[in-house]
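K.L.:
Here you go, sequence then predicted model.
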There are 2 protein chains.
Amino acid sequence: MPTKTAAKKAPSKPAERSERTERADRPSGVVTLEQVAARAGVSPSTVSRILNGTATVSEVKRAAVDEAIRTLGFRPNPVARGLAGGRTMSIGVVTQRISSPFYGEALSGIEVALESAGYVPLFVSGNWNEADERKAIETLLSRRVDGVIVLAGRLDNKELAALSASVPMVVVGRQLAGERLFSFSFDNRAGARLATEHLISLGHRRIALLLGDLVHDDAIDRQSGYLDALAAANIPVDPELILQSDYTEAGGMLAVSRLMERDVAFSAIFSSNDQMAYGAILGLARRNLRVPDDVSIVGFDDLIMSRYTMPPLTTVRHAVYETGAQAASAMLALLQGEKPRVQLAAPELVMRESARRAVR
Amino acid sequence: MPTKTAAKKAPSKPAERSERTERADRPSGVVTLEQVAARAGVSPSTVSRILNGTATVSEVKRAAVDEAIRTLGFRPNPVARGLAGGRTMSIGVVTQRISSPFYGEALSGIEVALESAGYVPLFVSGNWNEADERKAIETLLSRRVDGVIVLAGRLDNKELAALSASVPMVVVGRQLAGERLFSFSFDNRAGARLATEHLISLGHRRIALLLGDLVHDDAIDRQSGYLDALAAANIPVDPELILQSDYTEAGGMLAVSRLMERDVAFSAIFSSNDQMAYGAILGLARRNLRVPDDVSIVGFDDLIMSRYTMPPLTTVRHAVYETGAQAASAMLALLQGEKPRVQLAAPELVMRESARRAVR
DNA sequence: TTGTAGGCGTTATCAT
DNA sequence: ATGATAACGCCTACAA
């Protein structure tokens, strides 16, 4: 290292400069498309074309540009792209609560599926309430996202369809159609029927049902599946056994309390989502009822945690992560002008230890 | 100034809005700053100034502009703002796995805290691996985020500090300093000590420890807390009782298996996070060991789910949501040029039902 | 205090 | 096929 003492008048700057220049060759700072063009000896437009595959370019120039991009470490600026009328390369995702174990899985799937295409998700929470949800979409639109994925939600179909006029949309958990709108949902009804039938096959006939908020289609469908199964087995429906709840652990626990207060007989519970089942198990324990010894219980969704509850939960596999990934793929297809097609797995019962044969 | 390009068709003024929007290429509610300026009879720069509080503006004009903004429903375009060198009004957040019950809570806190300031979070997952994390930050930077919040992660301090030269950063779960860099972390050591001391106070002396990956400071600190407690109680450390794991449910379950295979006596387990505790409870059950009858267990983090496990988990409250909110506030302060100051709650033991007095 | 002009990095529209 | 040259919507010197 050159000592300062000798550097009284000696220009120490040149040394510094050269050192910096040396480093500047590395792909560190902000490299613009224009710089790439300069290095490749072509016009910015050409670089842009190559980047977007907008037009055919001679092999020679393409190679030169590719080289320049690589050595310069150029990465197109999504912000500028967005402004120029191009895409922002970001997809808005309307979820309800980002920290929910259910939505979390879906978001994860979306993130991964989008990443490979260079898109970034913008997550906003609707907090299970219409106003927030509307505002969330508003935010997304002002951010000029290239598309919006809506997971469930409370906005009515008409509103969503209208929105799809300004952005391509993918709606999960609803059935609605439109030009730039695609929707799909898991077969909740079949899944719920599966769960209930399992309980019936184990000899249960007094099966309580824990319901989610019926403003949601999936909650309704799961109820239908339950009713289907009872009807098929000629088991009369007892309204006393049907509990309205909210898909949360606390709600599940509360529902069990209400059920017990009704003082009706039951030997099993179909909880229409896993989270309520967790609460229900605890609620039963509080009344000295063991699962599955005294009461059998089947959930719905097969969250990660369901393998680790005590006892591990028998439930319906929902493949939430995959659902998210499919939603993302569908959006990508939409953006490509293609017709999305999703291949969703059929509901499947995952037998663990929370349900057993009815005694007697 | 009619700088319209030589349009092929008649310049259709968007004054009349058609009810049946057939053209999906133009978002409907796009009002520009320029339009606001025109309506208010001022120049665009004046509007901009009012928006950003950049300069003092006469009350008359301000009122006119405010009115124009309101009636036109103008919302500044963050994309354009970002390009113009202004802020993008978005904050990058590096998490490890968006679907983790732990990180999910933190993200939720960040989202809410940021929202009130008009910022939007951009979540990217590092997947517990250095390369992905680096790439995640890369993505964030190319998106021109105004700041980056890093939750734990594997990047080394030096790298983070260097990064903070280009963006203000808030790092949670690390201790490092810098001009535009702020970090803070929960007192993991004290928390772990609390948990262990609780077990000791219940008469346990053979206490197993389930550890997270020691590349993370928090895992190390929690181990230290455990050791502190033992030392203070004059209980010798038995390496056989210390299990290296990974903070997952599966890892916790596996750790218990390994522990049992070692065939050493133990009456309690301090699991350094709740997720491992869930797995441990199941693992113990598989060996016919009941919690807390046969083995007491204390967790760490107090995730929502810990209230609903069987039995409900005694654990250390971590206030993850608040931590996220604090990180966001700190970032906001940094952006404001202020010095962030966080007020993190001290660790606190939450006594539930997974730990009880040791039988002898 | 307020307006004018230039620029941010890309894409799109013209010519050539 | 390729290159100028406008936009895109906003911010910010620089003027006035």
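P.N.:
Cool, got the structure.

K.L.:
With adjacent residues omitted, what lies nearest to A:Y103?
P.N.:
Computed as Cβ to Cβ, 6 or more residues apart in numbering or on different chains, the closest residue to A:Y103 that is not its neighbour in sequence is A:T95, at 4.7 Å. Yep, even glycine has a C-beta here, placed from its N, CA and C like the rest.

K.L.:
Quick check: phi and psi on that neighbour?
P.N.:
In terms of degrees, to the nearest 10, the main-chain angles of A:T95 are phi -120, psi 180.

K.L.:
could you measure the residue of the stretch 151-300 of chain A found nearest DNA strand D against chain B, distance?
P.N.:
Per Cβ to the nearest atom of the strand, A:S166 is where the stretch 151-300 of chain A lies closest to DNA strand D, at 13.1 Å. Between A:S166 and chain B the distance is 4 Å, computed by Cβ to the nearest Cβ, to the nearest Å.

K.L.:
Which strand residues bridge the residue nearest to A:Y103?
P.N.:
Counting by DSSP bridges, A:T95 is bridged to A:S125.

K.L.:
Now do the contacts for it.
P.N.:
Remark: with contacts taken as Cβ atoms under 8 Å, 6 or more residues apart in numbering or on different chains, A:T95 is in contact with A:Y103, A:A106, A:L107, A:F123, A:V124, A:S125, A:G126, A:L151.

K.L.:
What of A:I220?
P.N.:
With contacts taken as Cβ under 8 Å, 6+ apart, A:I220 has the following neighbours: A:L214.

K.L.:
Show the pLDDT at it.
P.N.:
Reading off the per-residue confidence, A:I220 sits at a pLDDT of 97.

K.L.:
for A:G82, same thing?
P.N.:
At A:G82, the pLDDT recorded in the model is 92.

K.L.:
Run a quick neighbour tally on the residue of the stretch 201-350 of chain A found nearest DNA strand C.
P.N.:
Each residue of the stretch 201-350 of chain A has a distance to DNA strand C, by Cβ to the nearest atom of the strand, and the smallest belongs to A:L335, at 12.8 Å. The number of residues packed near A:L335 is 17, by other Cβ atoms under 10 Å in any protein chain shown.

K.L.:
hang on, the earlier thing: sort out which one of the contacts of A:T95 lies nearest DNA strand D for me.
P.N.:
The closest of the contacts of A:T95 to DNA strand D turns out to be A:V124 (Cβ to the nearest atom of the strand; 19.9 Å).

K.L.:
close enough to count as contact, the closest one and A:V93?
P.N.:
Yes: at 7.2 Å, A:V124 counts as touching A:V93 under the criterion of Cβ atoms under 8 Å.

K.L.:
more neighbours, those two?
P.N.:
Using other Cβ under 10 Å as the criterion, A:V124 and A:V93 rank with A:V93 on top: 30 against 26.

K.L.:
Quick check: which element contains that one?
P.N.:
With secondary structure defined by DSSP states H and E, A:V93 is part of strand A:90-95.

K.L.:
Now the element after that strand, going C-ward?
P.N.:
Towards the C-terminus, the helix or strand next in line after strand A:90-95, according to DSSP H and E, is helix A:101-115.

K.L.:
Can you check what angle separates that following helix from strand A:90-95?
P.N.:
Angle of helix A:101-115 versus strand A:90-95, following axes from the mean of the first three to the mean of the last three Cα atoms, to 10 degrees, is 170 degrees.

K.L.:
where does the stretch 151-300 of chain A come near chain B, residue by residue?
P.N.:
A:164-167, A:179-180, A:249, A:253, A:278-279, A:281-282, A:285 (Cβ under 8 Å from any Cβ of the partner chain).

K.L.:
quick revisit: so who does the residue of the stretch 201-350 of chain A closest to DNA strand C touch?
P.N.:
By Cβ under 8 Å, 6+ apart, A:L335 lies in contact with A:R87, A:D146, A:G147, A:P168.

K.L.:
do you know how far the residue nearest to A:Y103 is from A:N127?
P.N.:
According to Cβ to Cβ, to the nearest Å, A:T95 stands 10 Å off from A:N127.

K.L.:
Can you tell me the number of residues neighbouring A:T54?
P.N.:
A:T54 is flanked by 11 other residues according to other Cβ under 10 Å.

K.L.:
Go ahead and confirm it touches A:S48.
P.N.:
Yes: with contact taken as Cβ under 8 Å, A:T54 and A:S48 are classed as touching, separated by 7.1 Å.

K.L.:
Low-confidence stretches in the stretch 1-150 of chain A?
P.N.:
Segments of the stretch 1-150 of chain A classed as low confidence (criterion: pLDDT under 70) are A:1-29.

K.L.:
Over to the stretch 201-350 of chain A?
P.N.:
Using pLDDT under 70, nothing in the stretch 201-350 of chain A is flagged.

K.L.:
how about the strands in it?
P.N.:
A:207-211, A:242-244, A:268-271, A:296-298, A:315-317, A:348-350 (DSSP state E, counting those that start in this stretch).

K.L.:
Dump those strands to CSV, plus distance to B:L114.
P.N.:
As requested, the strands of the stretch 201-350 of chain A are arranged in CSV below (distance: least, Cβ to Cβ, whole Å):
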stretch, distance to B:L114
strand A:207-211, 34
strand A:242-244, 35
strand A:268-271, 34
strand A:296-298, 39
strand A:315-317, 35
strand A:348-350, 38
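
K.L.:
hey, which of these is tucked in deepest?
P.N.:
Neighbour counts (mean count of other Cβ atoms under 10 Å in any protein chain shown) averaged over each of these peak at strand A:268-271, with a mean of 31.

K.L.:
and that strand, what other elements does it pack with?
P.N.:
Contact analysis of strand A:268-271 by 3 or more Cβ pairs under 8 Å, 6 or more residues apart in numbering or on different chains; DSSP states H and E lists helix A:188-201, strand A:207-211, helix A:249-262, helix A:274-286, strand A:296-298 as its packing neighbours.

K.L.:
Recalculate using a threshold of 7 Å.
P.N.:
Helices and strands in packing contact with strand A:268-271 are listed as helix A:188-201, strand A:207-211, helix A:274-286, strand A:296-298; criterion 3 or more Cβ pairs under 7 Å, 6 or more residues apart in numbering or on different chains; DSSP states H and E.

K.L.:
Kindly provide the distance from the residue nearest to A:Y278 when sequence neighbours are not counted to A:M310.
P.N.:
Across the structure, with Cβ to Cβ, 6+ apart as the measure, the residue nearest A:Y278 apart from its sequence neighbours is B:Y308 (4.4 Å). From B:Y308 over to A:M310 the distance is 10 Å, taken as Cβ to Cβ.

K.L.:
got it, and A:A192?
P.N.:
Using Cβ to Cβ, one obtains 24 Å as the distance from A:A192 to A:M310.

K.L.:
For the two, work out which one has more neighbours and name it.
P.N.:
Neighbours were counted for A:A192 and for A:M310 using other Cβ under 10 Å; A:A192 has more, 28 against 21.

K.L.:
Enumerate every residue touching the more buried one.
P.N.:
For A:A192, the contact set (Cβ atoms under 7 Å, 6 or more residues apart in numbering or on different chains) comprises A:D221, A:R222, A:G225, A:Y226, A:S272, A:F300.

K.L.:
and the fourth one, how many residues sit next to it?
P.N.:
Other residues lying near A:Y226 total 27 when counted by other Cβ under 10 Å.

K.L.:
right, and it touches A:T196 too?
P.N.:
Yes: assessed by Cβ atoms under 7 Å, A:Y226 is found in contact with A:T196 at 4.8 Å.

K.L.:
Need the residues touching each of the two.
P.N.:
A:F270.

K.L.:
that older thread, may I have the phi/psi pair for the residue nearest to A:Y278?
P.N.:
Its backbone dihedrals place B:Y308 at phi -110, psi 0, with angles given as degrees, to the nearest 10.
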